[in-house]
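S.K.: Generate a structure from the sequence data that follows.
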Amino acid sequence: MTVNVETLEKLERKITLTLPVGTIQSEVDSRLKKLARTVKMDGFRPGKVPMNVVAQRYGYSVHYEVMNDKVGEAFSQAANEAKLRVAGQPRITEKEESPEGQLAFDAVFEVFPDVKINDLSGAEVEKIDAEVGEEAIDKTLDILRKQRRTFAQRAQDAAVADNDRVTVDFEGKIDGEPFQGGKAEDFQFIVGEGQMLKEFEDAVRGLKSGDSRTFPLSFPADYHGKDVAGKQADFMVTVKKIEASHLPEVNEQLAKSLGIADATVEGLRADIKRNLEREVKFRLLARNKNAVMDALIANAELDLPKSSVQAEVDRMIEGARAELKQRGIKDADKAPIPDDVFRPQAERRVRLGLVVAELVRANNLQAKPEQIKAHIDELAASYEKPADVVRWYFSDNRRLAEVEAVVIENNVTDFVLGKAKVNAKAVSFDELMAQQG
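M.R.: Sure, this is the predicted structure:
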């Protein structure tokens with residue numbers, strides 16, 4: 001079959017499809033006969049409904065199905081014949097004029113672009129590195145101790161100090177009027193840990209049990225409560241109870257309570273270091289991978305298929321609506337979300353997907369089974385029963401596909417870092433932990 005492919009613009013193509021009317025009618029008749037054997041209608045026994053009655057009732061819908069099927073088959077055959085890599089779904093319209101005994105259709109569609117990746121030796125990538133030092137281990141130990149601290153009530157004449165847990169009643173008013181969320185009884189928080197706004201903590205410090213204080217409080221402009229953000233309120237707070245916090249000692253008992261196999265202080269610190277190093281490794285990999293992907297995009301030339309971008313936008317909007325629904329937002333599935341919100345991100349995803357796919361194809365960077373197994377083993381290592389986690393991954397093809405995608409990205413990252421100009425930069429542990437993603 002000779003297929004005439006017309007180029008409309010960069011990636012848009014058009015082909016004309018023709019179908020014999022007789023072929024379509026023959027398939028419609030065949031399906032109606034098959035339907036007649038099982039269809040149920042009032043006044044007729046099953047399988048005894050006359051063909052003209054079946055055709056009158058179901059002819060239009062069967063004809064529509066056949067047309068869809070046959071046109072789809074014809075398009076797929078034509079695209080394969082012309083060796084076209086079709087992006088998205090074609091827009092198919094029937095032509096007003098057709099050859100004798102034929103039906104003709106125009107199929108307009110996009111093809112995937114040719115991707116040109118420029119010489120990567122000219123690309124620059126900043127690669128960061130970080131180490132887990134004793135200070136990071138100490139900070140993690142402090143966090144673990146705080147998670148296991150105990151509290152004991154202070155003496156009646158003791159004043160509130162940092163690290164105390166206080167129980168308070170409070171009420172706030174804006175312009176003399178109460179506001180939602182501005183009042184609470186028997187509310188607990190730990191002073192000095194940023195659980196409350198600074199003015200609130202400052203007002204409580206130094207008070208004794210039974211004391212009250214009135215104070216102004218300015219809500220930040222970016223405060224999560226939009227009704228009060230950027231406004232000033234007058235609060236009255238009354239301290240009802242003050243409890244001193246007691247941190248457990250760093251000893252064998254703490255190590256044992258944390259389930260450390262080697263229940264010694266040295267064993268505890270070694271276990272923390274291993275976990276932190278695993279976290280550091282994954283964060284470095286994610287950060288350096290992003291830098292590599294940015295460099296890849298900057299060094300690639302390609303046109304984007306509009307249909308692929310729109311499909312990605314639609315997926316992201318559906319994801320956003322699903323998240324709103326999970327939060328209990330009413331009619332979340334109908335929430336008006338404009339395409340423009342996600343379009344830049346969708347374009348980046350599509351562009352990156354096409355560039356990575358081309359690099360993988362051209363350089364055989366596919367994920368090997370042993371790489372997938374090694375990655376899953378590493379993910380499972382931080383759990384109490386790694387073997388169960390490994391089984392969990394291998395029991396679901398979708399999970400395996402997700403791991404495979406990550407391994408391919410890692411292969412791409414290593415490949416690009418091996419070609420590009422790498423600018424190494426050391427960052428502190430705290431700086432790495434503070435970075436997004």
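
S.K.: can you give me the helices in the protein?
M.R.: Ranges of helices within the chain are 21-36, 51-81, 134-147, 198-204, 252-257, 265-298, 306-326, 343-363, 369-380, 386-394, 397-419, 429-434, based on DSSP state H.

S.K.: tally of neighbours for residue 279?
M.R.: Burial measure for residue 279: 16 neighbouring residues, criterion other CB atoms under 10 Å. (Each C-beta comes from the backbone N, C-alpha and C, glycine too.)

S.K.: One more: residue 362?
M.R.: Quick note: residue 362 (other CB under 10 Å) scores 10 neighbours.

S.K.: What separation is there between it and residue 418?
M.R.: 15 Å (CB to CB, to the nearest Å).

S.K.: just to revisit the earlier point, of the helices of the chain, which approaches residue 123 most closely?
M.R.: Among those, helix 265-298 comes nearest to residue 123, with 4.5 Å by CB to CB.

S.K.: what is the orientation angle of that closest one with helix 369-380?
M.R.: 130 degrees (axes from the mean of the first three to the mean of the last three CA atoms, to 10 degrees).

S.K.: Could you tell me which residues within helix 265-298 count as buried?
M.R.: 265, 267-269, 271-273, 276, 279-280, 283-284, 287-289, 291-293, 295-296 (16 or more other CB atoms under 10 Å).

S.K.: hmm, back to that, out of the helices of the chain, which gets nearest to residue 234?
M.R.: helix 198-204 (11.0 Å).

S.K.: which other helices and strands contact that closest one?
M.R.: For helix 198-204, the contact count by 3 or more CB pairs under 8 Å, 6 or more residues apart in numbering; DSSP states H and E identifies strand 165-174, strand 212-218, strand 232-246 as packing neighbours.

S.K.: Distance from the first one to the middle of the chain?
M.R.: It refers to strand 165-174. 38 Å (CA atoms, centre = their mean, to the nearest Å).

S.K.: again, but for the shortest one
M.R.: In this view, strand 212-218 has its centroid 42 Å away from the chain centroid, taken as CA atoms, centre = their mean.

S.K.: again, but for stretch 316-331
M.R.: 13 Å.

S.K.: For that stretch, the averaged confidence score.
M.R.: Average pLDDT, stretch 316-331: 85.

S.K.: Could you find the closest non-adjacent residue to residue 222?
M.R.: residue 229 (6.7 Å; CB to CB, 6 or more residues apart in numbering).

S.K.: So what's the residue count around the one you found?
M.R.: 12.

S.K.: Then residue 88?
M.R.: Residues lying near residue 88 (other CB under 10 Å) number 16.

S.K.: Run through the residues that contact it.
M.R.: Shown in contact with residue 88 (CB atoms under 8 Å, 6 or more residues apart in numbering): 109-110, 305, 307-308, 310-311.

S.K.: Kindly write the PyMOL command that selects the buried subset of those residues.
M.R.: Buried members of the contacts of residue 88, defined by 16+ other CB under 10 Å, are picked up in PyMOL with:
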select buried, resi 109+110+305+307+308+311
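
S.K.: low-confidence ranges in this structure?
M.R.: Along the chain, the model assigns pLDDT under 70 to residues 1-2, 436-437.

S.K.: in it, which residue is closest to the centre?
M.R.: residue 319 (8.5 Å; CA atoms, centre = their mean).

S.K.: That residue and residue 405: what is the separation?
M.R.: Taking CB to CB, one finds residue 319 at 17 Å from residue 405.

S.K.: hmm, back to that, quick one: closest of the helices of the chain to residue 166.
M.R.: For those, the distance to residue 166 is smallest for helix 198-204, at 6.0 Å, taking CB to CB.
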